[in-house]
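Model the following, please.
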Amino acid sequence: MIAKLIKLAAVATLALGMSSAWAAGIVHEGTVLDTMNGGGYTYVQIKESDKTFWAAGPQVEVNKGDTVVVQEQMWMNDFTSKSLDRTFEELLFVGRIDKK
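Numbering: from 1, shown residues only. You can find the predicted model right below:
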């Protein structure tokens with residue numbers, strides 16, 4: 001599943017000309033401000049200290065207010081989720097979303 005996500009993101013990057021940066025495996029922990037599922041993935045808006053960002057990983061059950069831990073795999077700019085009909089200005093792809 002992780003390999004499929006990475007391959008899909010890489011293909012989308014090449015096909016659509018999106019910029020991306022491979023991440024260094026940095027771990028983030030924060031509070032879920034918003035969450036939604038689409039296309040087999042869970043998208044979570046995470047508040048960590050002084051920053052807020054969106055992350056996407058394999059579908060899991062999380063709720064607003066949960067504390068989650070994610071590890072960076074790849075950041076993408078202007079990523080459009082067709083299943084959600086939404087574009088994320090910046091989105092972190094992760095291999096898993098763990099509740100703490």
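
contacts and neighbour counts: CA atoms only from here.
Fine.

what are the ranges of the strands in the chain?
20-22, 27-38, 41-48, 51-58, 67-71, 74-81, 86-93, 98-99 (DSSP state E).

Tell me which residues are up against the last one.
With contacts defined as C-alpha atoms under 8 Å, 6 or more residues apart in numbering, strand 98-99 is touched by 62, 66-70.

What subset of the residues you listed is buried?
62, 67-68, 70 (16 or more other C-alpha atoms under 10 Å).

In JSON lines: these, plus distance to residue 81.
Formatted as JSON lines, the buried ones among the contacts of strand 98-99 follow (distance: C-alpha to C-alpha, whole Å):
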{"residue": "62", "distance to residue 81": "19"}
{"residue": "67", "distance to residue 81": "24"}
{"residue": "68", "distance to residue 81": "22"}
{"residue": "70", "distance to residue 81": "20"}
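
Which one of these is nearest to residue 26?
Distance to residue 26 across the buried ones among the contacts of strand 98-99 (C-alpha to C-alpha) is lowest for residue 70, with 8.5 Å.

Hmm, the closest one is touching residue 94, no?
Yes: Residue 70 lies in contact with residue 94 (C-alpha atoms under 8 Å); the separation is 6.5 Å.
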